[in-house]
Structures are given as C-alpha cells and as structure tokens.
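Asker: Here is my input, please return the structure:
(chains A, B, C and D)
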2 protein chains.
Amino acid sequence: MNKGKTTGRRGRPRAFNLDEALDKALLVFWQKGYEGASLDDLTRAMGINRPSLYAAFGNKESLFRKALDRYERGPSSFAREALKEPTARGVVELLLQEAIKMHTDPQTPPGCLMVQAALVSGEGADTIRQELNARRAADELGLRRRLIRAKAEGDLPHNANPADLARYVVTIMRGMAVQAASGASRNELRRVAHMALRAWPE
Amino acid sequence: MNKGKTTGRRGRPRAFNLDEALDKALLVFWQKGYEGASLDDLTRAMGINRPSLYAAFGNKESLFRKALDRYERGPSSFAREALKEPTARGVVELLLQEAIKMHTDPQTPPGCLMVQAALVSGEGADTIRQELNARRAADELGLRRRLIRAKAEGDLPHNANPADLARYVVTIMRGMAVQAASGASRNELRRVAHMALRAWPE
DNA sequence: GATATATTATACTGCGCAGTACAATATGCC
DNA sequence: GGCATATTGTACTGCGCAGTATAATATATC
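Answerer: Below you'll find the predicted structure:
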C-alpha cells in the first residue's frame, strides 16, 4: 500500500493526520459541548475508529484538552495577539472585532468553545468545567495586566480603572458568545461592540 | 395515616407538594444544565421516586419546561417587571440590578438558567436548546419594544437606536450570567453594570 | 366493609455511553 | 523472507441513563 516512501517509524503507519483529526474533534466539541459530544460523534467526524483515537489522543478528557489548546493557538489566538496593539483602545477594539469574526465564522460553529463547552455540567465533567473557568479567568487577567500597563504609560486617564475595564470588556465578549450561539449575526454583534465602546473612559 | 382530613380527591393522596418539588427540580437544572441533570439527581433533590415524578410532571423534557415556566414567574420575574419602570433608563438600571441579584443569590445556583441549561447540546436536547433560544429572544424583543415606546415618548434622544440599545443591554446581561457562573461576585458585576451604563445615549 | 382510584416503592428494561480486548494488517529492520 | 512494532477494524464490556411494569398502599365513594 505504501508506494515506496518511508515514514522513518516502525510499525504500521498512521492513516490519518493528527492535527486534521484534532481540528475535526474541536468542531464537534464546539458545536455540542463536552458532554454533548459522544465518542461516536467524534470518531465519525475525525474519520477514525475508537482504538486509533485512544492511541493518538488518550481518553475523551485528554482529547478535549488537546482540542482546547489547539483552539487557543488557532481560532482564538487573537485573544493574545490583540494585546500587542500599541494603545489600550486599539487592544480592545481589535479584541471585540476579532471575537465577533470568530463567533460568526461560517466555517466554525457559532459562539465560543470556552464558554459553551461546559458552562455547567454533571459530576462527570466537573474538572473540564473548572479548567474552562480557569482559562477564561486567565484571559481576563491578561487583559487587565495590559490595561494596567496602559495606565502606567499614560495611555488611559487617571480615573480609569483597569480591572473594571477589563471585566467589562470580557463580560461583553462572553455575552456576544451567548448571542452568537443563539444565532446573532455579525452585523448585530458589530453594533453591540460599537455601543459598548461608548463607555470608553476619556 | 390521614388524620381525619379529606383531600376532596379520590385515591391515595400525593405525599409531596407540587410546587416545592418543582422548585427543587429547578435548582438541579439550574446547577447542572438540562443534560447534566439526571433523573436520579432530580428525584433525590425532589424527595420523590420516579413514578411519582412521571405521574406529576411527565417526562424529563416536560418537567424541565414546567421548571422553566416557574423560573420565569419566580426568580426571573424581574425581567418583565422592570419594563414597567417609568423611564427607559430606569428600566435598564433595574434590569441590570435585579439580574445581578439573581445571578449571585446565595440561595440559588450562580448564573442564569436560560443561558446555562442548554447553550449547546447533543441531539437529544436540541428542542430544549431551541426553546431556550426562543425565550431569550423574546426577552430581548420585550426590551426592544419598551425602548421603542420610550423613544416615541421622547424618553430617549432622537439619535438613539432602540434595537441596538436593547441588544447591547441583553448582551451585557448574558455576559454577566457567564461571569456569575464562573464565580464573579455581586460587587464585580455591579461595577460591570456601572461601566455599561456609561454607554447610555444622552 | 367492599370497591374504585390515585399514589408510592421496588425492581426492571433497553439503550447509548466511554473505554477495551483481540485479531488482522502494514510498515521498518535484519 | 522473517520478525518486531505500531495502527486499524470489529466486537465486546460494564455502566449510567430515561422510562416503565407491577404490586403495595392510602384515600373517597358506596
């Protein structure tokens, strides 16, 4: 079957690409949530069978964490990238704009994996729920630190409160994720972002 | 066992109170979501056994809808009540204030049932997910109509857009629900509401 | 007291779930 | 070619799930 090429590895070669399969799994988790995604759903979407999944990614929880890492490095990478903008206002504008793009990208399920994968859960998914809580909190912390720096740089007025501002912006983003999951359009969310920025400290 | 009282109904009398049991079921759905709440969880919390639950409330989906109705008439009744405030600004202030109270009430699970019960789901809960989407949309529509009326009454400036404003306020509330489910405190959410109101059209 | 009726308690059913045993297969190495 | 090794395909396991059959029990009606 192998037409002369060599893989450099012993044993039967893997018949699928790890990252492509992980991307498919990510889409399933994104659409159905952690508990709602069954192993049948996952293997069907990934185009592989169960033993291959377990050999390559471990159990369901381990697969989900790998998908989550890939989410943060892929579709959600804007959340880190936006912090590099030169001004606080620029950071937040880009954050909202890119979040809206992601939430309404027709190539991926609506909404945000980190919000909808396990906002609540039964006992079986409790550790996943906590992991998502922690990652969302880390996002907020990253923005808060960026805004603290901005204030120190004189990029925010003296009466501005970086913690409050970061919490406000993140709350808007979470709300947009819910609205997107409910079917809100890109334009509708853009108008929300525009409204939200009216609260910007001057 | 019956000490001389009569129920007026034939057959063995029900040994539990319908509304009290429904309240307990509501709390379980609120905390674990629709799919995450098992019938064992529900019957244990309600203090009844399965056949009693099925006789009184129908199946799991029917029980959930009854719990949802009770949620809207109880903990979430502020959403309709607030629309009665005399001014648009008063409506929104009360809406945010009462939402925060509910999201962080120590007597009930954090967050909002309508957001976290089934933001996404497997195939089995698809109708529930859609029902929640529809009810959330109805909430937004109610606020939009109230703000349209406010504008007609001269209670909002001519450049204000009721649809945009309603969508913005609802997005904030959804975001607060996510933040509350993640452990945000009442004070933190109050500060978010304060920030949010800075965007109010003048 | 006898009967009809409604609720309760226990135990069951069938199914979908996550995870796995096992044999077949495809490669590298010698 | 022959062996070691890794992946694949099929079929299985045990468990938790929603829903139910059945019998016992507590009431109203006669």
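Asker: Count the neighbours of residue A:72 for me.
Answerer: 17 (other CB atoms under 10 Å in any protein chain shown). C-beta here means a position set from N, CA and C on the backbone, and glycine is covered the same way.
Asker: Now do the same contact list for it.
Answerer: Contact partners of residue A:72, counting by CB atoms under 8 Å, 6 or more residues apart in numbering or on different chains, are A:79-80, A:135.
Asker: Which parts of the helix or strand where it lies count as buried, going by neighbours?
Answerer: Per DSSP states H and E: residue A:72 is located in helix A:60-73. Neighbour counts over helix A:60-73 (16 or more other CB atoms under 10 Å in any protein chain shown) mark A:60, A:63-64, A:66-68, A:70-72 as buried.
Asker: near DNA strand C, anything from that helix?
Answerer: Yes - on the criterion CB under 7 Å from any atom of the strand, helix A:60-73 is in touch with DNA strand C at A:60-61.
Asker: Export only the CA atoms of that helix, formatted as CSV.
Answerer: The C-alpha trace of helix A:60-73 is given here as CSV (Å, rounded to 0.1, in the frame of the first residue of the first chain):
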residue,chain,number,x,y,z
LYS,A,60,-12.1,11.9,25.9
GLU,A,61,-11.0,14.4,28.5
SER,A,62,-7.4,14.3,27.2
LEU,A,63,-8.7,14.7,23.6
PHE,A,64,-10.7,17.7,24.7
ARG,A,65,-7.8,19.4,26.4
LYS,A,66,-5.7,18.9,23.3
ALA,A,67,-8.6,20.4,21.2
LEU,A,68,-8.7,23.3,23.7
ASP,A,69,-5.0,24.0,23.3
ARG,A,70,-5.5,23.9,19.5
TYR,A,71,-8.4,26.3,19.8
GLU,A,72,-6.3,28.8,21.7
ARG,A,73,-3.5,28.6,19.2
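Asker: Tell me if that helix is near DNA strand D.
Answerer: No - Helix A:60-73 lies out of reach of DNA strand D by CB under 7 Å from any atom of the strand, never closer than 12.3 Å.
Asker: Past that helix, which element shows up next along the chain?
Answerer: helix A:78-81.
Asker: Could I get the buried residue list for that next one?
Answerer: Neighbour-count burial for helix A:78-81 [16+ other CB under 10 Å]: residue A:79.
Asker: for it, packing partners?
Answerer: helix A:88-103, helix A:126-152 (3 or more CB pairs under 8 Å, 6 or more residues apart in numbering or on different chains; DSSP states H and E).
Asker: looking at these, which is buried most?
Answerer: Compared across the helices and strands packed on helix A:78-81, helix A:88-103 shows the largest average neighbour count, a mean of 20 (mean count of other CB atoms under 10 Å in any protein chain shown).
Asker: Can you name the residues of chain A sitting close to DNA strand D?
Answerer: So chain A meets DNA strand D at A:9-16, A:48-52, A:55-56, A:122 (CB under 7 Å from any atom of the strand).
Asker: Give me the distance between the closest residue to chain B within chain A and DNA strand C.
Answerer: The nearest approach of chain A to chain B comes at residue A:175, 2.9 Å away (CB to the nearest CB). Per CB to the nearest atom of the strand, to the nearest Å, residue A:175 is found 29 Å from DNA strand C.
Asker: Grab the nearest non-local neighbour of that residue.
Answerer: residue B:175 (2.9 Å; CB to CB, 6 or more residues apart in numbering or on different chains).
Asker: which secondary structure element contains that neighbour?
Answerer: Assigned by DSSP H and E, residue B:175 falls in helix B:162-181.
Asker: Report all helices and strands that that helix contacts.
Answerer: Using 3+ CB pairs under 8 Å, 6+ apart, helix B:162-181 sits against helix A:162-181, helix A:186-197, helix B:88-103, helix B:113-116, helix B:126-152, helix B:186-197.
Asker: okay, which residue is most central for chain A?
Answerer: In chain A, the C-alpha nearest the mean C-alpha coordinate belongs to residue A:76, at 4.4 Å (CA atoms, centre = their mean).
Asker: didn't that residue look like it was pressed against residue A:102?
Answerer: Yes - look at residue A:76 against residue A:102 with CB atoms under 8 Å: they come within range, at 6.7 Å.
Asker: what residues do those two have in common as contacts?
Answerer: With CB under 8 Å, 6+ apart, residue A:76 and residue A:102 have common neighbours residue A:112.
Asker: Cheers, nothing more for now.
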